[in-house]
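Asks: sequence plus predicted model, see below.
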Amino acid sequence: MCWATPARVVRVYRDRSTALVEAVDGSTFEAVIAIDPSEVREGDTVLVHAGMVISRLEEDAERLRLLEEMVRELAGGEDVSHEL
Amino acid sequence: MSWGRQSPLRGSGLVAALARRVRRLFSELAAREGLTKLKIMDFCGTHEWTVTHYGLRSLVPEGLELVAGPGCPVCVTPSRYVEEAIRLALDGVVVYTYGDTYRLPAVRPVRGVRSLAEARAAGGDVRLVYSLLEAARDAARHGRTSVFLGIGFETAAPGYARLLLGGKLPRNLLFMSLVKLTPPAMFYSLEVLREKPTDAPVMGVIAPGHVSTIVGARAWVPVAEHFEIPVVVAGFEPADVMAAIALILERLLRGERGVVVEYARAVRWEGSPEAQRLMYKAFRVVDDAWRGIGFLPKSGLRLRDRLARYDAFAELGVREVTPSSWRADNPPGCRCAEVVLGKARPTDCPHFMRDCTPSRPYGPCMVSSEGTCAIWARFGGGGLASELARRLGLA
Ligand code: SF4
């Protein structure tokens, strides 16, 4: 029940309470937007839980880089890039 | 066409590097504090899935125990509500439910029927759905009196609220709110573990990542302050969980507490204000019963009066559990309540894998894919971890 899977927003419907999303396996379905609809745009990656959009996933490169850096630092400064 | 790509956080090299880091930090901390053992609670069923599926327990030092918490809504839904749903199904109401609730065993059979699955076999109209939206569409087509079992945590509540407040449910579909709030359960389980320390203190918590997308990381500040432990909001890849463990150990070493967000790609400090607004507009907070545990103050949600016409409790005469009518509601010998609170492991239960298995669950923790017993039954060790453990010379 806390499962959430990433999906891509294909279309936000007119009343902005639902969106058509595409799961990683390519299937599409309509999901309820549980967060601020203005945050959900076509092409975004979102997290979907029980058919509801609960968050945007920040996939931008900068954020990912920061996260990897943090994780690398935690790993004791070892260069793990070859293993990633 | 699939658009997804392999997350960089799934790389086993990163997990291995983090595991080495965790071992170093742990020995430093253990030596300094004179500890041989400490516990970290992974609250959420999905974290427990990551921990067990990837075998992370075999990668952390022996003295560091990861204990699963109450983060499985199906496991903590009181048996009485399952019995009420069975009764409705047998009386001709169409019952919509998620797949895991469908197989949940009740303790007191209703006319000889023990689960919604059995109710369907007995002729009841029980329909499995993936979402409330799907149930709404289906119920609008047939027009018969129907009920949706609204199980879940804060992750589910705002989406339910959006549909209910937006008038998106047909008149014939009623909503049984069984939504539970996670912070009170986290408080309670940590309190219990502190009162009766079984063997080692819980010195950190891995907080639920998806609940936090809604409530925000700040929701865990009271936990960190009250118990004076670090709390890390983590994602669900193995590297996320390993990083969370390392972050907890680092903070303990530095004498720092507080809340850290590891899952920054999805979670904000304040969560989603819009989702919180929806949730509290549709629902009111009540003292609620947790299966096997009893009543926890301010731990559940029921519909507000403005949505009374959707309320299955009033409209269909569903009886509420009350503190005086609540009785321990796990089957004899089942230790699910202790498993949920981190006081026992599935393997401590005499039924585990004997007469309680994923295909024939005897207790509630064996049903959902997020139930600790079901997770242990499916993935008890092995996988990625054994390979890494070999590489690290631990096995
Ligand atoms: S193994 Fe089954 S009976 Fe034992 S605690 Fe888990 S759910 Fe209950």
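Replies: The structure has been received and is ready for your questions. Every value quoted in this text rests on a predicted model; they were computed, and no experiment measured them.
Asks: which residues in chain A form strands?
Replies: With DSSP state E as the criterion, chain A has strands at A:5-12, A:18-23, A:28-33, A:45-49, A:52-56.
Asks: what stretches of the stretch 101-250 of chain B score poorly on pLDDT?
Replies: B:196-198 (pLDDT under 70).
Asks: returning to what we had before: deepest of the strands of chain A, which one?
Replies: strand A:52-56 (a mean of 27; mean count of other CB atoms under 10 Å in any protein chain shown). To be clear about C-beta, it is placed using only N, CA and C from the backbone, and glycine gets the same treatment.
Asks: quick one: strands adjacent to that one?
Replies: Here strand A:52-56 is paired, per DSSP bridges, with strand A:28-33 (parallel), strand A:45-49 (antiparallel).
Asks: reformat these as a markdown table; add mean pLDDT.
Replies: Converted to a markdown table, the strands paired with strand A:52-56 look like this (pLDDT from 0 to 100):
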| stretch | mean pLDDT |
| --- | --- |
| strand A:28-33 | 96 |
| strand A:45-49 | 94 |
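Asks: want to throw the ones you listed into JSON lines with distance to residue B:71?
Replies: Below are the strands paired with strand A:52-56 laid out as JSON lines (distance: least, CB to CB, whole Å):
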{"stretch": "strand A:28-33", "distance to residue B:71": "22"}
{"stretch": "strand A:45-49", "distance to residue B:71": "13"}
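Asks: nearest to the ligand, of those?
Replies: Set against the ligand and scored by CB to the nearest ligand atom, the strands paired with strand A:52-56 come closest in strand A:45-49, at 24.1 Å.
Asks: chain center to the closest one: distance?
Replies: 5 Å (CA atoms, centre = their mean, to the nearest Å).
Asks: give me phi/psi at residue A:14?
Replies: phi -60, psi -40 (degrees, to the nearest 10).
Asks: need the pLDDT of it.
Replies: pLDDT recorded at residue A:14 is 85.
Asks: make a markdown table from the strands of chain A and add distance to residue B:54 to it.
Replies: A markdown table is the format used below for the strands of chain A (distance: least, CB to CB, whole Å):
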| stretch | distance to residue B:54 |
| --- | --- |
| strand A:5-12 | 17 |
| strand A:18-23 | 22 |
| strand A:28-33 | 28 |
| strand A:45-49 | 20 |
| strand A:52-56 | 23 |
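Asks: between these, which one is closest to residue B:193.
Replies: Closest to residue B:193 of the strands of chain A is strand A:45-49 (CB to CB; 27.8 Å).
Asks: next, the angle from that closest one to strand A:18-23.
Replies: Inter-element angle recorded for strand A:45-49 and strand A:18-23: 100 degrees (by axes from the mean of the first three to the mean of the last three CA atoms, to 10 degrees).
Asks: list of residues touching strand A:45-49?
Replies: For strand A:45-49, the surrounding residues in contact (CB atoms under 8 Å, 6 or more residues apart in numbering or on different chains) are A:2-9, A:21, A:23, A:31, A:40, A:53-57, A:59, B:155-156, B:159, B:210, B:213, B:266.
Asks: all strands of the stretch 201-350 of chain B, in order?
Replies: B:202-207, B:231-233, B:259-261, B:283-290, B:294-303 (DSSP state E, counting those that start in this stretch).
Asks: which one of those has the most crowded surroundings?
Replies: strand B:231-233 (a mean of 29).
Asks: by contact count, what packs against that strand?
Replies: Secondary-structure packing of strand B:231-233 (3 or more CB pairs under 8 Å, 6 or more residues apart in numbering or on different chains; DSSP states H and E): strand B:202-207, helix B:238-254, strand B:259-261.
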